[in-house]
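J.: Dropping the sequence and predicted coords here.
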Amino acid sequence: MTTYTATRGAIPLSSYDRPTASAGQSPSIAPAQLLAMLKRRRRLIALSMVLGTLGGVVVVARTEPNYVATAQVIIDPRALRVVEREVTPSIDNADAQIASVENEMRVLRSSMVLNALITRDRLDEDPEFAGEPPGLLRRAKAAILDRVGLSPPRLPDPRRAALQTLERKIAVRRAERSFVVEVHVATRDPDKSARIANELVTLYTEQANRTRSELARRSGASLDDRLAELRAAVRAAENRVATFRSEHDLVSADGSLTRDRRLRDLNTQLAAARARSTEALVRMEQANALRGRLDGLSEAVQSQAMIQLRYQITEARRRRANLANVLGPRHPELNSVGREIDALQDQLGQELQRIGDAARNDYRRAKQTEEELRRTVETMSTASLADDRALAELRAREAEAEAQRKLFAQYLVRSRELIEQTQVDVNNIRVIGAAIPPELPTNLSKAIVLVLGTLIGLALGILAAIALGVLRGEAASLPRYPVGSGEVVIA
C-alpha cells in the first residue's frame, strides 16, 4: 500500500497522479465505488430482477405438482411353515435373507407386475403415463406421407410409454436393518399416487402367491408324470417277483416256503413210517420165533382170538386133569377132551400163522411206505438246495420291488403335499402401511420459486452492473480517500 500525506489546501487533489498497483497486486474497489456503480445501473438491476421473477413465473407455470405416496410392506423370507416340506425351503442365513428380499424388490418393479398394473388401471390411456395423443397436425402429416408413399413416423406405443413412465415414477427402497420395503409412487394427483402404490403392492402379493402356487403346481405335475413311471416300475417289479416264485415253486405261507413246510411234514411222516416198520418187523420176528410155542407169546403178537383159544385150551387141560383123577387115565371121555385140546391147538397155530403173515404184510407195507417217503424226502431235499439259490435271487428281486414301492410312496406323499400347498398361502408378505393421498406436493412452493427467481435476477443484475463498471474503468476514476481525511489512500 502506498501512502500519500498532504496538507489540505496546499496542492489540488487533481494534481496527484493515480498510483499503479505493484506487481502481484490487484486494485480493490471501495464500497463507495460499488454503490456508485450500482446506483448508476439501477435500471439494469431492476430489469434483471423483473426477468428473474418472470423466469420464476415460467418455472411455476411449467412445473407440474409431484405428489409422492408411500406404501410399506414387510417381505419376510422366512416363509410360514404350514407343512413339513415347502416348495422353497426357509432361509436362515442373514445375508441370504437380505438377498432374497432384494430379489423380491426387483420382482416388485418388474415389467410383469407393472404391466399388470397398467392393465388394471388402464394407465396406457392416462396422458400422464402414455403421453398426449397425436394432434390434428401430426395426424394430417402422417396421412399425407402415407398418401405419397412415404412411411410416416411411427407413433409411440402407449403401453410401452406407460411402462417407461411408470418405471420412472416408482421407487422401491428397503429400510435399513429390516425386511420392510417402502414403495414410493409419484404422480400429479395425490389420490392417483396412493391408489397406484396400494394396487402395486396388492398385485405383487397376488403375483407372489400365484408364483408359489404355479411352482407347486408345476412340481406336482412333474411328480405326477414321474409317479406314472414309478407305478409302472413297481408293477413290473412285483410281476417279476410273482413270476419267479411261480417258476421255482417258491410259494410262501406264513413267512415260510410251501416246499419247506412240505419237506418238514415229509420228514415227520418218514420218522413215523420208520417207527411203524420197526414195530411191524418186531411183530413179524416174534411171530416167526414163537411159532409152535404158546407160552412165549407176547402181547405184540397176540390177538383176541388167540387169547380166547389159549383160555379154552387151558380150561380143556384142567378139565382133562380132573377127569383123569376121577375116572382114570383110560376113560374114553379123556380121549374126547384130548381131541378137543388138539383141535384148539391147531386153531391156535393157524391163528399164529395168520398173525405172522399179517405181521409180514404189515412190515412189507410199512417198509414200502418208508422207502417211498425216503425217496420223496431225498428228492425234495435236493430241490431245497436249488431253492436256496433261487431264494437268494428271489430276495434280491423282492428287495428291488420294495425299493420301488418305497420310492413310489415318497413321490406320492410329496405329490399330495404339493397339491395342498397350491391351496394354502404360505408367503410371509403383509402390508404394514397402506399409502394415503399426500396433502402437499414434494415440489418447492410457488412463493419460494418466485422469491428464488427474483433473488437470482437481483444477483445477476448486481454482477452485471459491477462487471460493466470494472470494464469501463469507473472504479479507477472515483476518489479513493475518505471524506474529511487529510490522507488519500490508494490500495
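T.: Yep, it's here.
J.: Find the helix or strand that the closest residue in space to Leu108 that isn't next to it in sequence is a member of.
T.: Nearest residue to Leu108, sequence neighbours excluded (Cβ to Cβ, 6 or more residues apart in numbering): Tyr204, at 4.7 Å. The way it works is simple: take the backbone N, C-alpha and C, and place the C-beta from them, glycine included. When secondary structure is defined by DSSP states H and E, Tyr204 falls within helix 190-247.
J.: what pLDDT, on average, does that helix get?
T.: Here the mean pLDDT over helix 190-247 is 83, rounded to a whole number.
J.: Counting by contacts, list what it packs against.
T.: Using 3 or more Cβ pairs under 8 Å, 6 or more residues apart in numbering; DSSP states H and E as the contact criterion, the secondary-structure elements in contact with helix 190-247 are strand 67-75, helix 94-108, helix 111-121, strand 180-187, helix 332-421, strand 429-433.
J.: roughly how far is it from the heart of the chain?
T.: Using Cα atoms, centre = their mean, to the nearest Å, the distance from the centre of helix 190-247 to the centre of the chain it belongs to is 10 Å.
J.: just to revisit the earlier point, could you dump the helices and strands packed on helix 190-247 into CSV with mean neighbour count and distance to Ala233 added?
T.: Putting the helices and strands packed on helix 190-247 into CSV (neighbours: other Cβ atoms under 10 Å; distance: least, Cβ to Cβ, whole Å) gives the following:
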stretch, mean neighbour count, distance to Ala233
strand 67-75, 21, 42
helix 94-108, 15, 37
helix 111-121, 17, 39
strand 180-187, 21, 47
helix 332-421, 15, 5
strand 429-433, 14, 40
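J.: check contacts around Glu102.
T.: Contacts here follow Cβ atoms under 8 Å, 6 or more residues apart in numbering; on that basis Glu102 touches Arg174.
J.: Check the gap between it and Ala208 for me.
T.: In this structure, Glu102 lies at 15 Å from Ala208, with Cβ to Cβ, to the nearest Å as the measure.
J.: As CSV, the helices and strands packed on helix 190-247 with distance to Arg168 and mean pLDDT would be great.
T.: As requested, the helices and strands packed on helix 190-247 are arranged in CSV below (distance: least, Cβ to Cβ, whole Å; pLDDT from 0 to 100):
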stretch, distance to Arg168, mean pLDDT
strand 67-75, 13, 90
helix 94-108, 15, 84
helix 111-121, 11, 90
strand 180-187, 9, 91
helix 332-421, 37, 78
strand 429-433, 23, 84
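J.: check contacts around the nearest residue to Ala316 once chain neighbours are set aside.
T.: What sits nearest to Ala316 in space, not counting adjacent residues and going by Cβ to Cβ, 6+ apart, is Ile341, at 4.6 Å. Contact criterion Cβ under 8 Å, 6+ apart gives 313, 316-317, 320 as the residues in contact with Ile341.
J.: Okay, and which of those residues map to helices?
T.: The subset of these located in helices under the criterion DSSP state H comprises 313, 316-317, 320.
J.: got the contact list for the nearest residue to Arg195 once chain neighbours are set aside?
T.: When the adjacent residues along the chain are set aside, Arg195 lies closest to Asp121, with 7.4 Å between them (Cβ to Cβ, 6+ apart). With contacts defined as Cβ under 8 Å, 6+ apart, the neighbours of Asp121 are 195-196, 199.
J.: Glu199 too?
T.: Under the criterion of Cβ under 8 Å, 6+ apart, the neighbours of Glu199 are 117, 120-121.
J.: Against Thr382, how distant is the residue nearest to Ala316?
T.: For Ile341 relative to Thr382 (Cβ to Cβ), the value is 61 Å.
J.: Show me how the chain divides into domains.
T.: Split into domains by automatic domain parsing, the chain comes to 2-7+28-62+443-490, 72-78+93-182+196-214+423-433, 252-421.
J.: outside of stretch 43-63, which residues touch it?
T.: Looking at what lies outside stretch 43-63 - Cβ under 8 Å, 6+ apart - the contacts are 38, 443, 446, 449-458, 460-462, 464-465, 468.
J.: Mark which of these are part of helices, please.
T.: 38, 446, 449-458, 460-462, 464-465, 468.
J.: Check the residues you listed for burial and list the buried ones.
T.: Neighbour counting by 16 or more other Cβ atoms under 10 Å classes 38, 449-450, 452-454, 456-458, 460-462, 465 among the ones in helices among the contacts of stretch 43-63 as buried.
J.: In these, which has the lowest confidence score?
T.: Model confidence across those bottoms out at Val449, which has 73.
J.: Against Ser48, how distant is that one?
T.: Using Cβ to Cβ, Val449 is found at 17 Å from Ser48.
J.: show me the contacts for Arg109.
T.: With contact taken as Cβ under 8 Å, 6+ apart, Arg109 is in contact with 167, 170, 172.
J.: quick revisit: quick one: the contacts of Glu199 as JSON lines, columns for distance to Arg283 too.
T.: JSON lines is the format used below for these (distance: Cβ to Cβ, whole Å):
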{"residue": "Leu117", "distance to Arg283": "109"}
{"residue": "Arg120", "distance to Arg283": "108"}
{"residue": "Asp121", "distance to Arg283": "113"}
